[in-house]
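K.L.:
below is the sequence, then the predicted model.
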Amino acid sequence: MKKTSVFLAAVSLLAATVAGTAFAQDKPKEIKVGITTFLSGPAAVFGEPGKAAAEMIAENINKKGGIGGVPLTLSFIDEGAGGEALVSNYRRLVQDEKVDATFASISSGSCNQLVPLAEDLKVMNFMWDCGAASILEAKKYRYSFRTQANATPEMLAVLVYLLKTKPNFKTIAVVNQDYAWGRESWEIFSTALKQMKPDVQVVAELFPKFGAPDYSTEVSRLMALRPDVVFTTSWGGDLDTLVRQAGQRGLLQQSTFVLAIGESSIQRLGKDLPEGLIIGARGDHWFLHPEMKGNADFKAFNEAFKAKTGRWPIYPVYHMMQAFSALQGAYDKAIKANGGKWPTREQVIDAAGNLEFVGYGRPVRLRPEDNQGLEAQLVGVSKKADGFDHMVLDNMMIFDPVKITTPAGQKSVEWLKTLNPDFVKMDVPVFQHGK
């Protein structure tokens, strides 16, 4: 019996040694990342900068030795191809090309399709840019993590900024693109507005067709109604057209305009964008971020991006950086927890929960209850500045994400209905351009 016990112990030790050696040698030749982004259609104004950023970031990581000594390789899917093609191409990346992680997506519609699919395929997925709050509020997912905020804190930050800086307005109108984002973002904003300033009057709710080439009807109606505030979450060419036509008619001077996600249009609009417009940045994303001006890496990345693309980075670029920072953070955390050995996919997923990482802004934390990223929000007002042929942001406020993000386990619209006018009294730091 004693000899048998000794023999079994020896066999167990040998098996453990062999298994441990095999596990230690199981480091892959590459980490494959599949990224969905718009490479065609109107949303390519976000997708192309995001792709350029991904290529730059992966190259920089690989120059430093990769993640855990393993280089990254990237594959891209065009979200502009449409629903069936998107799903088919995503399956191909995961099942045939065996990607280790995916970044999906820009469109909330794409995320609604791909997040459940990532769960079925058991692949780690970072929701790198889509904003619909309902995706992670409706169900807890194991394999998908949103590495930025959702629409609720994005809209709340803009609203609180408006109420702090223009508290005496009495009327407001909305001009949003007529599709899910335009409707849902207005529901968030207007629900919170009613709670914080119940006496305000909504004088017009205008939802022109997505991709509308002309806003003369909307501009004429707003000129006649003379609302104190005009709110819009429009983006891309639609927002550019609205701003230019409103400017030509004097509407931008008549009403206070709030461009809730307008940061990405500042450079394209150039001198057509006047001073005094309130502008949100979908996160604390601004190439002149007041808390990052002394960061040499931030400055070098921005300059390299402009050299590559001809423009300064916009918020999708920084969202992409956050996704890569989360990817690296999850692997580094999993490797450490695994005693320096290469982790399994499930160990990397475990490590991503409650992960805190830093892109080119304030730290972001993935809330473990629902995998929602807690991301600060920067809002400012347009201002002329020497050395730029476009407006910059001034009187910037940076909002603490914990204060403006729907608590875990609650639905955004229901939580917003519990707010009151005292919500606006929160302390928020203010930063001046160049200081």
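P.N.:
All right, it came through fine. Numbers count the residues shown, from 1 in each chain.
K.L.:
going by C-alpha atoms from here, please, whenever you check contacts or count neighbours.
P.N.:
Fine.
K.L.:
which element is residue 279 on?
P.N.:
Under the assignment given by DSSP states H and E, the secondary-structure element containing residue 279 is strand 278-280.
K.L.:
for the helix or strand that that strand is followed by, buried residues please.
P.N.:
Tracing the chain past strand 278-280, the next element assigned as helix or strand by DSSP H and E is helix 296-309. Neighbour-count burial for helix 296-309 flags 298, 299, 301, 302, 303, 304, 305 (criterion: 16 or more other Cα atoms under 10 Å).
K.L.:
look up phi and psi at the nearest residue to the second one once chain neighbours are set aside.
P.N.:
Just to be clear, that refers to residue 299. Spatially, and ignoring its direct neighbours in sequence, residue 299 is nearest to residue 293 (7.2 Å; Cα to Cα, 6 or more residues apart in numbering). Torsion angles at residue 293 (phi, psi; degrees, to the nearest 10) stand at phi -60, psi -20.
K.L.:
over to the nearest residue to residue 55 once chain neighbours are set aside. Which of the three states is it?
P.N.:
The shortest distance from residue 55 to any residue that is not its chain neighbour, by Cα to Cα, 6+ apart, is 7.7 Å, and that residue is residue 74. Reduced to three states with DSSP: H, G, I helix; E, B strand; the rest coil, the structure at residue 74 is strand.
K.L.:
what ranges does the stretch 1-150 of the chain have for its helices?
P.N.:
Chain-ordered helices for the stretch 1-150 of the chain, with DSSP state H, counting those that start in this stretch as the definition, fall at 2-24, 44-63, 83-91, 108-121, 134-138.
K.L.:
and those, which one is worst for confidence?
P.N.:
Mean pLDDT is lowest for helix 2-24 among the helices of the stretch 1-150 of the chain, at a mean of 43.
K.L.:
so this structure: which segments form each domain?
P.N.:
If the domains of the chain are taken from the TED database, they occupy 31-149+294-371, 152-281+376-431, with pieces of a single domain joined by a plus sign.
K.L.:
now the ones you listed in JSON lines, with distance to residue 288?
P.N.:
Listed next are those as JSON lines, based on distance: least, Cα to Cα, whole Å:
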{"stretch": "domain 31-149+294-371", "distance to residue 288": "9"}
{"stretch": "domain 152-281+376-431", "distance to residue 288": "8"}
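K.L.:
tell me the contacts of residue 104?
P.N.:
When contacts are counted by Cα atoms under 8 Å, 6 or more residues apart in numbering, residue 104 touches 35, 36, 37, 110, 111, 114, 115, 125, 126, 127, 128, 129.
K.L.:
got any ranges where this protein has weak pLDDT?
P.N.:
Counting by pLDDT under 70, the ranges of the chain that qualify are 1-25.
K.L.:
make it 90
P.N.:
1-26, 82-83, 293, 434-435 (pLDDT under 90).
K.L.:
ok, what's across the strand from the residue nearest to residue 55?
P.N.:
Taking DSSP bridges, one obtains residue 33 as the residues bridged to residue 74.
K.L.:
and what of residue 126?
P.N.:
Assessed by DSSP bridges, residue 126 has beta-bridge partners residue 103, residue 145.
K.L.:
assess the claim that it and residue 323 are in contact.
P.N.:
Yes - taking contact to mean Cα atoms under 8 Å, the distance of 6.4 Å between residue 126 and residue 323 places them in contact.
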